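S.K.: Below: sequence and its predicted model.
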Amino acid sequence: MSFEILSKHLNGIIVLRTARFEDHRGFFEELYRVDALWKLGVEEVFVQDNRSNSHRNVIRGLHYQFRPPMGKLIRVVAGSAQFIELDIRKDSPTFGRHVEIELSDSNNKLLWVPPGFANGFCALTDTVDVIYKCTAIYNPLGEGSINPLDPALGIKWFVTDAILSERDAKAPPLSEIKYSL
């Protein structure tokens, strides 16, 4: 099979690994294969692909979309990044808890983040390219942010001199977010 489940977290997050076939020329791997993901329980329809490029110490997030709810299938194709997935499902027994996962171009990991989680990451290398498939079309009127440096979250980012956008730096703490999931 081209994908395998490595771990599951917070009743929804799945860390997968793709098969990589290497030889003296380099390597080959399938980035996305619907039938293999369906067999592993990821039966979503993806409607949009995105790419993000960041420099070392950049933190992006924590972002979420509630109208319509958006899930993401994430991978790093260049560099390495620390991902944080925060459960923001009000009725979830793991509400407010997060999981930290490192994705890189060398570890072949793929991350399934269903709707109901705020997603963020920190660039650990000089350049990081992240690609992700989305289950909903981006809607700027239906999105939200949570301050990634909110001390109540207990996130241990792998950087000391974080670089944030103005939007992320001014985002409210988890205790103040208003959304409908």
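M.R.: Perfect, I can see it now. In this text, all values refer to a predicted model and were calculated from it rather than measured experimentally.
S.K.: from here on, contacts and neighbour counts on C-alpha atoms
M.R.: OK.
S.K.: Report the contact partners of Asp105.
M.R.: Listed by Cα atoms under 8 Å, 6 or more residues apart in numbering, the contact set of Asp105 reads Val76, Val77, Ala78, Gly79, Ser80.
S.K.: What are the buried residues along the biggest helix by length in the chain?
M.R.: When the chain is parsed with DSSP state H, its longest helix is helix 34-39. Residues Leu37 are the ones in helix 34-39 that count as buried (16 or more other Cα atoms under 10 Å).
S.K.: outside of that helix, which residues touch it?
M.R.: If you take Cα under 8 Å, 6+ apart as the criterion, helix 34-39 is touched by Met1, Ser2, Phe3, Glu43, Glu44.
S.K.: Can you say which of these are buried?
M.R.: Of the members of those, the ones counted as buried by neighbours, 16+ other Cα under 10 Å, are Phe3.
S.K.: At which residues are the strands of this structure located?
M.R.: Secondary structure of the chain (DSSP state E): strands located at 3-9, 13-18, 21-23, 26-28, 48-55, 59-65, 72-78, 80-87, 98-104, 109-113, 117-123, 127-134, 143-145.
S.K.: and the ones you listed as a markdown table, adding distance to Lys39 and mean pLDDT?
M.R.: What follows is these, written out as a markdown table (distance: least, Cα to Cα, whole Å; pLDDT from 0 to 100):
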| stretch | distance to Lys39 | mean pLDDT |
| --- | --- | --- |
| strand 3-9 | 9 | 96 |
| strand 13-18 | 12 | 96 |
| strand 21-23 | 21 | 95 |
| strand 26-28 | 21 | 94 |
| strand 48-55 | 22 | 98 |
| strand 59-65 | 26 | 97 |
| strand 72-78 | 15 | 98 |
| strand 80-87 | 23 | 98 |
| strand 98-104 | 22 | 98 |
| strand 109-113 | 14 | 97 |
| strand 117-123 | 23 | 98 |
| strand 127-134 | 18 | 98 |
| strand 143-145 | 30 | 95 |
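S.K.: hang on, the earlier thing: what's the farthest-apart pair in the contacts of Asp105?
M.R.: With Cα to Cα as the measure, no two of those lie farther apart than Val77 and Ser80, at 8.6 Å.
S.K.: Please identify every residue contacting each of these two.
M.R.: Overlap between the neighbourhoods of Val77 and Ser80 consists of Ser104, Asp105, Val128, taking contacts as Cα under 8 Å, 6+ apart.
S.K.: Distance check, the closest residue to the last one other than its chain neighbours against Pro93.
M.R.: The spatial neighbour of Val128 that comes closest, neighbours along the chain excluded (Cα to Cα, 6 or more residues apart in numbering), is Gly79 at 4.5 Å. Gly79 sits 34 Å away from Pro93, going by Cα to Cα, to the nearest Å.
S.K.: ok, those two, which is more surrounded?
M.R.: Gly79 (21 against 11; other Cα atoms under 10 Å).
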